[in-house]
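[1] one predicted model, sequence on top.
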Amino acid sequence: MIFENTLEFAKHLDLQDPLHKYQDEFIFPKVQGKKVIYFTGNSLGLQPKRTKAYVDEVMNDWANLAVEGHFYSEKPWWDYHERFADPLSKIVGALPSEVTVMNTLTVNLHLLMVSFYQPTQTRYKIICEEKAFPSDQYMFQSQVDFHSQNLGIQLEDAIVEIKRRDGEHNIRLEDVLAKIGEVGDELALVLIGGVNYYTGQVFDMKTITAAGHKVGAYVGWDLAHAAGNIKLELHDWNADFAAWCSYKYMNSGPGNASGCFIHKKHHNNAALPRFAGWWGHNKERRFKMEQTFDPIQGADGWQISNLPILSLAPYLASVDMFDEIGMDALIQKRNAITSYLEFILHEIDKEVDSSFEIITPSNPTERASQLSVLLHGEGRSLFDYLMQNGVITDWREPNVIRLAPVPLYTSFEDIYQFGQILKAGIQS
Ligand SMILES: *Cc1c(COP(=O)(O)O)cnc(C)c1O
């Protein structure tokens with residue numbers, strides 16, 4: 001499509017957009033009395049208006065039924081999480097039995113590493129991306145530490161980072177595959193962020209998963225920036241496991257519950273170690289308070305504690321909304337609006353003498369909702385200007401602004417208006 005940098009054109013795109021009406025389903029903060037242009041849904045999604053009713057329902061059931069709410073609530077609490085299986089499995093491309101909700105993201109990745117990182121003296125290496133999200137780096141380090149006393153493995157040796165080439169902002173697929181081949185028999189686990197949090201680069205998860213398996217390693221994915229943002233086919237890609245948070249693109253509220261995926265092929269493997277708790281125990285027999293753990297045959301078998309229903313309620317509101325829309329419609333809008341933002345950035349860049357560069361891949365198959373902009377001349381003052389003028393973006397050291405035009409609640413008009421504010425900010 002040929003884009004235009006005009007208000008009229010942006011409004012025309014909004015009229016044609018079947019998802020435009022969803023903007024009204026969200027609550028926007030205001031700056032100077034005007035609703036903001038919100039580009040940080042990759043960090044914390046906006047609150048859907050429908051969420052409050054889901055939370056109120058739990059509050060009311062708790063008030064009216066107290067402990068009886070476990071079984072007699074509108075949505076009983078003892079199996080509340082099972083309501084996620086269908087809609088969430090569609091979002092991540094899994095079988096319903098392969099997904100569950102529990103804990104928070106880093107906690108789940110640790111638990112999954114208990115099952116899928118079982119280093120030996122000869123096969124102990126972990127491949128991750130250079131500058132992985134810090135929580136993932138700390139996790140890798142502490143997991144290796146945890147095993148190192150028994151095995152005598154060294155941190156520097158065990159964690160293998162895939163680097164960007166000099167002068168490049170993104171990691172090449174060929175370099176990931178080469179590294180997997182090179183580490184070969186020593187590779188225990190590949191665990192990468194499916195969408196890079198800093199650049200927005202989308203990795204070819206299918207190809208990387210197959211390459212990891214070929215050398216005998218497990219392959220898992222941190223999908224913090226991928227869930228609700230890109231088309232995932234976790235089952236068909238044959239990923240061993242994955243986990244994601246729900247508060248970024250999935251709009252479930254600050255620090256909220258995580259989701260995870262464990263491939264069906266592992267459900268009955270009694271040899272896989274796991275940390276167990278009563279909520280992962282045989283559902284029919286859970287309340288018999290038996291001594292021996294009998295895991296549910298599915299992702300639910302990795303659950304430990306009974307679930308925080310007040311956290312799951314907003315997550316369910318969100319999952320229901322995604323189910324109503326479907327990932328295909330969402331992705332169609334996402335592609336259009338991200339391309340429009342890219343176009344507007346290039347237009348403004350021309351008008352103001354080059355001062356920034358988009359470091360996210362320009363190839364639409366290698367990016368999703370996020371464009372990361374490296375500021376050359378400008379710095380934090382531009383970021384501050386945008387904030388003061390109602391554009392909420394995200395600043396990353398040393399000099400990057402991340403912009404996520406989330407398709408559920410960003411309009412094409414927002415993108416046009418952002419361009420005008422950006423230009424004024426650079427010229428001020
Ligand atoms: C946001 C994010 C996290 C956050 O982890 P929590 O345990 O939810 O605090 C982890 N990994 C990646 C890649 C992220 O983007």
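    Structure received. Residues are numbered from 1 along each chain as shown.
[2] for the rest of this, base every contact and every neighbour count on C-alpha atoms.
    Noted.
[3] which element, helix or strand, includes Ala132?
    Assessed by DSSP states H and E, Ala132 sits outside every helix and strand.
[4] contacts only, for it.
    192-193, 196 (CA atoms under 8 Å, 6 or more residues apart in numbering).
[5] how close does it get to Val99?
    Applying CA to CA, to the nearest Å, the value for Ala132 to Val99 is 24 Å.
[6] one more: Phe343?
    Relative to Val99, and taking CA to CA, Phe343 is found at 37 Å.
[7] the more surrounded of the two?
    For the pair Phe343 and Val99, the greater number of neighbours falls to Val99 (29 against 18), based on other CA atoms under 10 Å.
[8] alpha carbons of stretch 271-285, in CSV - could you do that?
    Once non-C-alpha atoms are left out, stretch 271-285 reads as follows in CSV (Å, rounded to 0.1, in the frame of the first residue of the first chain):
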residue,chain,number,x,y,z
ALA,A,271,12.2,-39.5,33.9
LEU,A,272,12.0,-35.7,33.6
PRO,A,273,12.6,-34.2,37.0
ARG,A,274,10.3,-31.5,38.2
PHE,A,275,9.5,-29.6,41.4
ALA,A,276,6.1,-30.8,42.5
GLY,A,277,3.2,-29.4,44.5
TRP,A,278,-0.4,-30.5,45.2
TRP,A,279,-1.9,-28.5,42.3
GLY,A,280,0.0,-30.6,39.8
HIS,A,281,-1.4,-33.8,41.4
ASN,A,282,-4.0,-36.0,39.8
LYS,A,283,-7.1,-33.8,39.8
GLU,A,284,-9.6,-36.5,40.8
ARG,A,285,-7.5,-37.4,43.8
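[9] how far is that stretch from where the chain is centred?
    Centroid separation for stretch 271-285 versus its chain: 26 Å, with CA atoms, centre = their mean, to the nearest Å.
[10] what's that stretch in contact with?
    Residues contacting stretch 271-285 (CA under 8 Å, 6+ apart): 111-112, 114-116, 266, 286, 293-296, 300-306.
[11] so which bits of stretch 189-205 are buried?
    Neighbour counts using 16 or more other CA atoms under 10 Å place 189-203, 205 of stretch 189-205 among the buried residues.
[12] in helices, which of those fall?
    Using DSSP state H, the subset of these located in helices is Met205.
[13] how about Thr393, what does it touch?
    Applying CA under 8 Å, 6+ apart, we find Thr393 in contact with 38-40, 383, 386-387, 401-403.
[14] what residues does the stretch 201-350 of the chain have near the ligand?
    Within reach of the ligand by CA under 6 Å from any ligand atom, the stretch 201-350 of the chain has these residues: 222, 224-225, 245.
[15] can those go into JSON lines with extra columns for distance to Ala271?
    Shown next, in JSON lines, are those (distance: CA to CA, whole Å):
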{"residue": "Asp222", "distance to Ala271": "24"}
{"residue": "Ala224", "distance to Ala271": "28"}
{"residue": "His225", "distance to Ala271": "31"}
{"residue": "Cys245", "distance to Ala271": "28"}
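[16] could you turn the buried ones of those residues into a ChimeraX selection?
    In ChimeraX, this line selects whichever of those come out buried by 16+ other CA under 10 Å:
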select :222,224,225,245
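[17] from Leu374, how far out is the nearest residue to Val195 once chain neighbours are set aside?
    Leaving out its chain neighbours, the residue that sits closest to Val195 by CA to CA, 6 or more residues apart in numbering is Val202, at 4.4 Å. Distance from Val202 to Leu374, counting by CA to CA: 18 Å.
[18] which parts of whichever strand or helix holds His346 are buried?
    Using DSSP H and E, His346 falls within helix 327-351. Neighbour-count burial for helix 327-351 flags 327, 330-331, 333-346, 348-349 (criterion: 16+ other CA under 10 Å).
[19] kindly report the same for stretch 223-242.
    Buried residues in stretch 223-242, defined by neighbour count with 16+ other CA under 10 Å: 223-235, 237-242.
[20] please apply the same query to stretch 22-42.
    For stretch 22-42, a neighbour-count test (16+ other CA under 10 Å) marks 22, 25-26, 28, 36-42 as buried.
[21] which of the residues you listed fall within strands?
    Among those, the members found in strands (DSSP state E) are 26, 37-38.
[22] which one of those is nearest Ile421?
    Lowest distance from Ile421 to these (CA to CA) belongs to Ile37, with 10.6 Å.
[23] show me what contacts the closest residue in space to the closest one that isn't next to it in sequence?
    Among residues not flanking Ile37 along the chain, Val391 sits closest, at 4.8 Å (CA to CA, 6+ apart). Contacts of Val391 were listed using CA under 8 Å, 6+ apart, and they are 36-39, 418.
[24] for Ala224, which residues are in contact?
    Ala224 makes contacts with 105, 193, 195, 243-246, 248, as judged by CA under 8 Å, 6+ apart.
[25] how about 7 Å then?
    Contact analysis of Ala224 by CA atoms under 7 Å, 6 or more residues apart in numbering lists 244-245.
[26] cool, and Ala10?
    Neighbouring residues of Ala10 by CA under 7 Å, 6+ apart: 412-413, 416.
[27] go again using 8 Å as the cut-off
    Contacts of Ala10 (CA under 8 Å, 6+ apart): 4, 412-413, 415-416.
[28] for the host helix or strand of it, list every residue counted as buried.
    Assigned by DSSP H and E, Ala10 falls within helix 7-16. Judged by neighbour count (16+ other CA under 10 Å), helix 7-16 contains these buried residues: 10-11, 13-14.
[29] for Glu57, which three-state class applies?
    Put simply, Glu57 is helix when judged by DSSP: H, G, I helix; E, B strand; the rest coil.
[30] and the pLDDT for the closest residue in space to it that isn't next to it in sequence?
    Nearest residue to Glu57, sequence neighbours excluded (CA to CA, 6+ apart): Glu74, at 7.7 Å. Per-residue confidence at Glu74 stands at 91 (pLDDT).
[31] what about Glu74, which SS state?
    coil.
[32] which other residues reach stretch 43-61?
    Contact with stretch 43-61 is made by 25-28, 69, 73-74, 247-254, 309-310, 313-314, 316-318, as judged by CA under 8 Å, 6+ apart.
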